[in-house]
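Visitor: using only what follows, build the 3D model:
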Amino acid sequence: MSDLLRSSRRYRLWLVFLLCVQALAAPASAEGDEAFASALAGLGSSSRTRMIEAVEQLAALGDDRALPALEALADRRLRVGPDGALYSLTSLVGGGEVVKRIPSLEIVSEPPPGLRKAKVNNRVKRAARGAIARLQLRASDPAVRLAAATKMRTQPSVESAELIRAALAEETHANIAEALRVALAQLQLESESVELRLAAAETLGEFGDAGLAPQLRDRLQVDSEGHRPETDSQVVRALEASLAAIERRASFIEFGANLFYGTSLASILCLAALGLAITFGLMGVINMAHGEMVMLGAYATYVVQNLFLEYAPAHFDVYPLAAIPVAFMVVGAIGMAMERSVIRHLYGRPLETLLATWGISLLLIQSVRLIFGAQNVEVANPEWLSGGIEVAYGVVLPRSRIAIIAFAVIVVSTITFVLQRTSLGLRVRAVTQNRAMAGALGVSTHRVDMWTFGLGCAIAGLGGVALSQIGNVGPELGRGYIVDSFLVVVVGGVGKIVGTVWAAFGLGLLNKFLEPAVGAVFGKILVLVFIILFIQRRPQGLFAQRGRAAEA
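Guide: The predicted structure follows:
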């Protein structure tokens, strides 16, 4: 019983304590809201002195709600109503304006008449920008603080030194603290204190990026009289060590970026060449319209995008996923129609096949021009494919290219499974190795030819889906990939899927690493020379040729 009484007494004491805290906090909160409203109203004053005082009051309060008003003030977008209410004005890209109420940011469909511009001069703008930086560095959202710290890292100013020190003393987020330390170190390089300059040099060596290298070089630059801005020998050694560390880190980052973009280019080449490896490698058909299959896949994506925009705008982000089966089936059906109507009559006559498919490619290009126009069309990225992932300062990997790499892996794995583990793949391999024997065993070789050619074209259509996410779509899209696709198939070994994958990644990476050194055009020439020498040395490609072409 005594335990129950003690527990009840303890509960009542806690309840009284919480009520007291609430009673004390309520007036303080109300007082803070009143001060915020008063300072906010001062931004609409006709006196610039009062406006600057209001800006300083809002900065001192540290309330994130003031940021939209201060940003509108600094950008001369702040409007004041007849009753003193504040509004922000935003111009739209296509014309028109959006008016939002401050601080709620509620869109006002019918702005009150008599809105006037806030009277802003350079003094007010400087005060507003300083207050914005102060509020952003103290914001509760780490993303806002990181954006502000990153901006200060790239554009530090002497006036912001104390602000950076105050923010750095309170910051707990590692990335934000690192950006603030780098920003402060850039300012401390000009300090009169040797200790501060030494610490700054060491900080820049630890966290600096390639963008800071010119500043360090300037400190180490020797003029015509043999003097340099930095006079202390210990600081000079620290600057030299930091510069070397930054250059090593920049080289490593550049290597990683080239590796990623080379892999991305290789994935695109792989998707474009994979279908050709089937139609040319397994069937022996020189399909000069293969590039147009890629183009048709991209236009299928464009059509699906427009259908989503018109009939399902709320689900626009999923249109690339819907475009994948559409492009596969549409382009595959066109490929099977080509095989049934033209290609089936030209087996064993490669020159005539080349001329016929070249004519088909011209027909497809002109048809697309008549339907969609001669100009390029834009295929927009959904939100989940927009932007990128920052893996290092200044190095952003686009999400669209990451998705293409993953997509290429999925497509290659699926096609390998189809050819190795399904009845269609078994029939394709049987017809490829010995057509007469496969026909004698009851395999419909003509039907296998149709399905195989359609599969190769459908895979090219998937390549068009991927390409539509990284560039504009036009009638000439396929022309840029047909030659590279043939080179990939020949280098990898005609008829070998695994050889196509290895060749695509090898040529893609080689081309990407050559471009920064010798330029895009000369890099292409060197790649072509390498391919010619490789074929002279190993005519069968990376993997030995098998199939109908080998038997011939």
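
Visitor: which stretches of the chain form strands?
Guide: Remark: strands assigned in the chain by DSSP state E are 78-80, 86-91, 97-101, 116-117, 388-392, 395-398.

Visitor: so what's residue 412 up against?
Guide: Neighbouring residues of residue 412 by Cβ atoms under 8 Å, 6 or more residues apart in numbering: 270, 274, 497, 501. Glycine gets a C-beta too; all of them are placed from N, C-alpha and C.

Visitor: go again using 6 Å as the cut-off
Guide: residue 501 (Cβ atoms under 6 Å, 6 or more residues apart in numbering).

Visitor: where's it relative to residue 246, distance?
Guide: 39 Å (Cβ to Cβ, to the nearest Å).

Visitor: which residues are in contact with the residue most central in space within the chain?
Guide: In the chain, the residue lying closest to the centroid (Cα atoms, centre = their mean) is residue 398, at 2.1 Å. Residues in contact with residue 398 (Cβ under 6 Å, 6+ apart) are residue 388.

Visitor: for it, give its distance to residue 319.
Guide: Remark: distance between residue 398 and residue 319 (Cβ to Cβ) = 18 Å.

Visitor: show me where the stretch 151-300 of the chain has helices.
Guide: All helices of the stretch 151-300 of the chain, identified by DSSP state H, counting those that start in this stretch, fall at 161-170, 174-188, 194-207, 213-220, 233-276, 290-311.

Visitor: and those helices: which comes nearest residue 448?
Guide: Nearest of the helices of the stretch 151-300 of the chain to residue 448, taken as Cβ to Cβ: helix 233-276 at 16.3 Å.

Visitor: now the closest one, how far from the centre of its chain.
Guide: Helix 233-276 sits 17 Å away from the centroid of its parent chain (Cα atoms, centre = their mean, to the nearest Å).

Visitor: per-residue pLDDT, residue 321?
Guide: pLDDT recorded at residue 321 is 92.

Visitor: meant to ask about residue 297
Guide: You'll see residue 297 listed with a pLDDT of 92.

Visitor: what's the nearest residue to it if we skip its chain neighbours?
Guide: Among residues not flanking residue 297 along the chain, residue 464 sits closest, at 2.5 Å (Cβ to Cβ, 6 or more residues apart in numbering).

Visitor: can you list the weak-confidence ranges in the stretch 251-400 of the chain?
Guide: By pLDDT under 70, the weakly predicted segments of the stretch 251-400 of the chain are 281-282, 393-394.

Visitor: contact partners for the residue nearest to residue 407 when sequence neighbours are not counted?
Guide: Nearest residue to residue 407 in three dimensions, chain neighbours excluded: residue 466, at 5.7 Å (Cβ to Cβ, 6+ apart). Neighbouring residues of residue 466 by Cβ under 6 Å, 6+ apart: 271, 404, 407.

Visitor: and which of the residues you listed is nearest to residue 214?
Guide: Nearest to residue 214 among those is residue 404, at 34.5 Å by Cβ to Cβ.

Visitor: measure the closest residue to that closest one other than its chain neighbours to residue 292 for me?
Guide: For residue 404, ignoring the flanking residues on the chain, the nearest one in space by Cβ to Cβ, 6+ apart is residue 466 at 4.7 Å. Per Cβ to Cβ, residue 466 is found 16 Å from residue 292.

Visitor: just residue 457 next, same as before
Guide: 9 Å.

Visitor: domain assignment for this structure?
Guide: The chain is divided into the following domains under automatic domain parsing: 2-129, 141-231, 254-551.

Visitor: before we move on, back to that, would you mind finding the most buried of the helices of the stretch 151-300 of the chain?
Guide: Compared across the helices of the stretch 151-300 of the chain, helix 290-311 shows the largest average neighbour count, a mean of 23 (mean count of other Cβ atoms under 10 Å).

Visitor: and the angle from that helix to helix 233-276?
Guide: Counting by axes from the mean of the first three to the mean of the last three Cα atoms, to 10 degrees, helix 290-311 lies at 100 degrees to helix 233-276.

Visitor: separation between the nearest residue to residue 247 once chain neighbours are set aside and residue 223?
Guide: Distance criterion Cβ to Cβ, 6+ apart; nearest residue to residue 247, sequence neighbours excluded, is residue 213 at 6.6 Å. Look at residue 213 and residue 223: by Cβ to Cβ, they are 19 Å apart.

Visitor: do the same with residue 80
Guide: According to Cβ to Cβ, residue 80 and residue 223 sit 54 Å apart.

Visitor: got it, and residue 465?
Guide: Residue 465 is 58 Å from residue 223, where distance means Cβ to Cβ.

Visitor: neighbour count winner among the two?
Guide: Between residue 465 and residue 223, counted using other Cβ atoms under 10 Å, residue 465 has the larger neighbour count: 28 against 8.

Visitor: how near is the more buried one to residue 331?
Guide: Counting by Cβ to Cβ, the gap from residue 465 to residue 331 is 10 Å.

Visitor: need the overlap of contacts for these two.
Guide: Shared contacts of residue 465 and residue 331 (Cβ under 6 Å, 6+ apart): residue 297.

Visitor: and the domains of the chain, which is most packed in?
Guide: Highest mean neighbour count of the domains of the chain: domain 254-551, a mean of 19 (counted as mean count of other Cβ under 10 Å).

Visitor: and stretch 306-326, how far out from the chain's middle?
Guide: 20 Å.

Visitor: wait, what's in contact with residue 543?
Guide: Under the criterion of Cβ under 6 Å, 6+ apart, the neighbours of residue 543 are 493, 496, 499.

Visitor: from these, which is closest to residue 388?
Guide: When those are compared for distance to residue 388 (Cβ to Cβ), residue 499 wins out at 32.0 Å.

Visitor: nearest spatial neighbour of that closest one, skipping sequence neighbours?
Guide: Among residues not flanking residue 499 along the chain, residue 492 sits closest, at 3.1 Å (Cβ to Cβ, 6+ apart).

Visitor: pretty sure residue 132 sits against residue 70.
Guide: Yes: at 5.0 Å, residue 132 counts as touching residue 70 under the criterion of Cβ atoms under 6 Å.

Visitor: quick one: the residue nearest to residue 404 from residue 107, how far?
Guide: Distance of residue 466 to residue 107, computed by Cβ to Cβ: 38 Å.
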